[in-house]
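Engineer: no FASTA, just this:
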């Protein structure tokens with residue numbers, strides 16, 4: 001059994017707090033922590049209670065998942081605490097999710113959750129419990145470098161979650177541990193099965209945890225009732241092609257569902273204009289982006305100044321780019337760059353940091 005918690009021995013004198021969501025990953029982290037001989041405490045944050053979501057397997061931090069976390073803790077013989085953070089989660093994550101859509105941006109609530117309740121409030125809880133570290137089931141690696149702890153991509157590229165953790169601060173990284181970052185997922189399930197954990201074959205969560213049926217618009221409407229106000233669909237040449245049913249139903253790069261047939265060539269959502277409540281469309285070539293301006297940049301790279309790569313979507317491959325005065329300039333035009341998403345910066349496997357995409361500059365405009 002593996003799992004490096006990067007703590008000084010003896011482990012019998014150490015206390016590890018594990019963030020337990022009720023899934024197989026965090027359950028195995030708790031098991032590995034307990035096996036070291038350290039006092040292990042499982043902590044689960046109840047983040048929401050949205051009807052169908054609470055009974056859905058893999059919803060994370062609600063209903064059945066809390067019960068699963070408690071059952072795992074009981075089997076391991078460790079303490080387990082549940083803290084109600086529903087109000088905090090609703091204000092800092094769900095409301096922000098709705099506001100971002102209303103502003104014509106494409107939000108990433110998982111990052112906001114990590115920045116808030118998970119890597120801020122949970123930190124405070126772990127410290128209050130006198131823990132030497134806070135361990136999570138994220139698939140990333142904490143590597144000690146010459147200037148301190150560094151954040152690196154997971155060994156298993158299919159499981160790597162570094163994109164969602166770009167906002168982790170250097171101070172947080174000093175306290176965090178990610179013992180699964182060096183393991184492939186099948187090994188993690190094998191450990192859970194070996195230990196007889198009921199969650200060994202539990203499916204992974206797929207969608208945003210508080211959206212039980214994948215209907216983002218329904219959640220936005222529940223928070224912002226005026227979200228469905230429609231407006232014009234406008235071609236980048238200025239011609240009006242039709243009307244839409246609300247900005248929350250559209251994202252940059254979308255092709256299907258525009259309901260503007262009879263066009264000579266396929267049209268895509270190029271950008272959203274919340275001031276005019278307009279959906280701007282155009283040919284695929286108009287999606288090419290030359291650069292993006294970033295806000296709230298979190299830098300983990302120290303004095304690094306060499307060439308880097310940037311990842312602008314969670315499922316995208318990092319592409320060559322350079323960062324200059326808050327502007328990310330791509331070596332070649334990049335597609336699918338949407339305001340509200342994150343741009344995460346890498347030096348090989350190391351995460352240098354990242355920021356939020358505030359605006360983009362079209363490669364077509366630059367060429368002109």
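Structural biologist: In hand now; what should we look at? Source: prediction; values computed, not measured.

Engineer: Break down the stretch 201-350 of the chain into its strands, ranges please.
Structural biologist: 231-235, 240-244, 268-273, 278-282, 289-299, 308-311, 319-324, 327-334, 342-347, 350-362 (DSSP state E, counting those that start in this stretch).

Engineer: Need those in JSON lines (columns: mean pLDDT, distance to residue 4 and mean neighbour count).
Structural biologist: Any C-beta I mention is one placed from the backbone N, CA and C, and that applies to glycine too. JSON lines is the format used below for these (pLDDT from 0 to 100; distance: least, CB to CB, whole Å; neighbours: other CB atoms under 10 Å):
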{"stretch": "strand 231-235", "mean pLDDT": "96", "distance to residue 4": "53", "mean neighbour count": "18"}
{"stretch": "strand 240-244", "mean pLDDT": "94", "distance to residue 4": "51", "mean neighbour count": "16"}
{"stretch": "strand 268-273", "mean pLDDT": "94", "distance to residue 4": "44", "mean neighbour count": "20"}
{"stretch": "strand 278-282", "mean pLDDT": "96", "distance to residue 4": "49", "mean neighbour count": "22"}
{"stretch": "strand 289-299", "mean pLDDT": "97", "distance to residue 4": "24", "mean neighbour count": "18"}
{"stretch": "strand 308-311", "mean pLDDT": "98", "distance to residue 4": "26", "mean neighbour count": "22"}
{"stretch": "strand 319-324", "mean pLDDT": "96", "distance to residue 4": "31", "mean neighbour count": "16"}
{"stretch": "strand 327-334", "mean pLDDT": "96", "distance to residue 4": "33", "mean neighbour count": "17"}
{"stretch": "strand 342-347", "mean pLDDT": "97", "distance to residue 4": "22", "mean neighbour count": "23"}
{"stretch": "strand 350-362", "mean pLDDT": "96", "distance to residue 4": "17", "mean neighbour count": "21"}
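
Engineer: closest to residue 211 out of the ones you listed?
Structural biologist: Closest to residue 211 of the strands of the stretch 201-350 of the chain is strand 342-347 (CB to CB; 18.8 Å).

Engineer: Sheet partners, orientation included, of that closest one?
Structural biologist: strand 308-311 (antiparallel), strand 350-362 (antiparallel) (DSSP bridges).

Engineer: In JSON lines: those, plus distance to residue 277.
Structural biologist: As requested, the strands paired with strand 342-347 are arranged in JSON lines below (distance: least, CB to CB, whole Å):
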{"stretch": "strand 308-311", "distance to residue 277": "31"}
{"stretch": "strand 350-362", "distance to residue 277": "19"}
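
Engineer: between these, which one is nearest to residue 249?
Structural biologist: strand 350-362 (20.5 Å).

Engineer: how distant is the closest one from the center of its chain?
Structural biologist: Taking CA atoms, centre = their mean, to the nearest Å, one finds the center of strand 350-362 at 14 Å from the center of the full chain.

Engineer: do the same with stretch 268-279
Structural biologist: Put simply, stretch 268-279 sits 25 Å off its chain's centre (CA atoms, centre = their mean).

Engineer: For residue 50, give me the pLDDT.
Structural biologist: Residue 50 carries a pLDDT score of 51 in this model.

Engineer: actually residue 207, not the one I typed
Structural biologist: Predicted confidence (pLDDT) for residue 207: 65.

Engineer: List just the one of the strands paired with strand 342-347 that sits closest to residue 75.
Structural biologist: Proximity to residue 75 (CB to CB) singles out strand 350-362 among those, at 34.1 Å.

Engineer: Which of the strands of the stretch 201-350 of the chain sits closest to residue 151?
Structural biologist: Going by CB to CB, the one of these nearest residue 151 is strand 350-362, 4.2 Å.

Engineer: rewinding a little: and the strands of the stretch 201-350 of the chain as JSON lines, adding distance to residue 88?
Structural biologist: Formatted as JSON lines, these follow (distance: least, CB to CB, whole Å):
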{"stretch": "strand 231-235", "distance to residue 88": "33"}
{"stretch": "strand 240-244", "distance to residue 88": "34"}
{"stretch": "strand 268-273", "distance to residue 88": "29"}
{"stretch": "strand 278-282", "distance to residue 88": "33"}
{"stretch": "strand 289-299", "distance to residue 88": "20"}
{"stretch": "strand 308-311", "distance to residue 88": "29"}
{"stretch": "strand 319-324", "distance to residue 88": "32"}
{"stretch": "strand 327-334", "distance to residue 88": "31"}
{"stretch": "strand 342-347", "distance to residue 88": "22"}
{"stretch": "strand 350-362", "distance to residue 88": "21"}
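
Engineer: Out of those, which gets nearest to residue 261?
Structural biologist: Between residue 261 and the strands of the stretch 201-350 of the chain, the tightest spacing by CB to CB is seen for strand 240-244, at 9.2 Å.
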